[in-house]
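Colleague: can't give you the sequence, but here's the structure:
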């Protein structure tokens, strides 16, 4: 019976089902064992780098660790998970798996259908390979918006055809949950992946049923701006990271890595203090960015240079970001070439005056390192 369900979900997705798949149950208190076994060294290193960026941006409250926050949110609220590479779907429930999907509650069947879509994606496109190929935080978020949006789209079609005709109460499709909400920044990410991603997938499929598969074969959509602005690809738009010196201020500094924040995360960062509409409007002119992670005196320092479509967009973003700093700062000093603020969490943030269509911001755990890097990047 589970095979029949898999084949029906695969038919909705328009792809052949995996030849083999394992479906099991795991109690919530043991979910961490399943999740821990599925993580590789590359994923752990990426999470650590993302965590450093999130901390310096102040995206999570009270110095909360990114990896811990994501894991806690998943362990508290997930109803089912798929383990890439192992073709395992785990329903989070006490007791054994019923002999048939009919023995599951409607909301469990819906969640199972969602994870079966991920199994189908893995079979055809190799989710682990897609993860390894992403080159930035931005492309990682964009990829997952595509994967989750595809799963939501397919799951919804399966639910409409397989569950809804015999359902008396539509609320039975919603899982009972007493889990606390995730931190706001993670809540915005989940809404982007599952909500915006599903809307985007529906639009892509409406234009061309093969578009999603082509994107997955190509490695994903590459930038969250493509999801935030669905018509952007029709304009011949492309993004490019602005130039930032690859050298370091002095010999005791190290450049640990480069990245790209992307429009969605830039918007989310502004939403740590600004209303969502104001944040979206300020970030909307994004045309590329370069994110550099340094190590100085054993501590992390971050430089973000964002390119906008024109100087007007850059000026609007710079003004919105100064407003954010005023709201979050314990000290705030405006200078001719740069504005320096210290947030309540002790992070020093320096914004350089916009240079044509680019804005540069420095984040550091100590004011000396922030000032050194800001001076180094000024007019470079």
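Modeller: Ah, there it is. Worth saying up front: this structure is predicted, and the values here are computed from it rather than measured. Residues are numbered from 1 along each chain as shown.

Colleague: Flag the shaky bits of this structure, pLDDT-wise.
Modeller: 37-42, 178 (pLDDT under 70).

Colleague: tell me, which helix in it spans the most residues?
Modeller: Across the chain, the helix with the greatest residue count (assigned by DSSP state H) is helix 137-158.

Colleague: is it true that residue 61 touches residue 183?
Modeller: Yes: when contacts are counted by C-beta atoms under 8 Å, residue 61 is listed as touching residue 183 (5.9 Å). Every residue, glycine included, has its C-beta placed from N, CA and C.

Colleague: higher neighbour count, the two?
Modeller: Between residue 61 and residue 183, counted using other C-beta atoms under 10 Å, the more crowded position is residue 183 (20 against 12).

Colleague: mind checking how far the more buried one is from residue 72?
Modeller: 9 Å (C-beta to C-beta, to the nearest Å).

Colleague: Residue 14 too?
Modeller: Summarising the geometry, the distance separating residue 14 from residue 72, computed by C-beta to C-beta, is 36 Å.

Colleague: now swap in residue 268 and tell me
Modeller: 19 Å.

Colleague: Mind checking which of the two has more residues around it?
Modeller: For residue 268 against residue 72, the residue with the higher neighbour count under other C-beta under 10 Å is residue 268, and the figures read 26 against 18.

Colleague: now that one, what's its secondary structure?
Modeller: Residue 268 falls in the helix class when you classify it by DSSP: H, G, I helix; E, B strand; the rest coil.

Colleague: Find the nearest non-adjacent residue to it, please.
Modeller: Taking C-beta to C-beta, 6 or more residues apart in numbering as the measure, residue 268 lies nearest to residue 188, with 5.0 Å between them; neighbours along the chain are not counted.

Colleague: ok, now residue 95?
Modeller: residue 25 (6.8 Å).

Colleague: Next: residue 319.
Modeller: Closest residue to residue 319 apart from its sequence neighbours, by C-beta to C-beta, 6+ apart: residue 282 at 7.9 Å.

Colleague: Show me where the stretch 251-380 of the chain has its helices.
Modeller: 262-270, 276-283, 311-328, 367-377 (DSSP state H, counting those that start in this stretch).

Colleague: Now for residue 246: which residues touch it?
Modeller: residue 255 (C-beta atoms under 8 Å, 6 or more residues apart in numbering).

Colleague: oh, I was asking about residue 25
Modeller: Residue 25 sits in contact with 90, 91, 92, 93, 94, 95, 96, 97, where contact means C-beta under 8 Å, 6+ apart.

Colleague: of the residues you listed, buried ones?
Modeller: Of the members of the contacts of residue 25, the ones counted as buried by neighbours, 16 or more other C-beta atoms under 10 Å, are 90, 91, 92, 93, 97.

Colleague: Show me the two of these that sit farthest apart.
Modeller: Pairwise distances across the buried ones among the contacts of residue 25 (C-beta to C-beta) peak at 11.7 Å, for the pair 92 and 97.

Colleague: need the strands for the stretch 1-150 of the chain, in chain order.
Modeller: Taking DSSP state E, counting those that start in this stretch as the criterion, the stretch 1-150 of the chain contains strands spanning 22-26, 80-83, 88-92.

Colleague: Please name whichever of those strands is nearest to residue 173.
Modeller: The closest of the strands of the stretch 1-150 of the chain to residue 173 is strand 80-83. By C-beta to C-beta, the value is 13.8 Å.

Colleague: Check which helices and strands the closest one is in contact with.
Modeller: Of the remaining helices and strands, those touching strand 80-83 by 3 or more C-beta pairs under 8 Å, 6 or more residues apart in numbering; DSSP states H and E are helix 31-38, strand 88-92, helix 106-125.

Colleague: Relative to residue 243, which of the ones you listed is closest?
Modeller: Distances from residue 243 to each of the helices and strands packed on strand 80-83 were compared using C-beta to C-beta; the minimum, 33.7 Å, belongs to helix 106-125.

Colleague: what angle do that closest one and strand 88-92 make?
Modeller: Direction vectors for helix 106-125 and strand 88-92, defined by axes from the mean of the first three to the mean of the last three C-alpha atoms, to 10 degrees, enclose an angle of 160 degrees.
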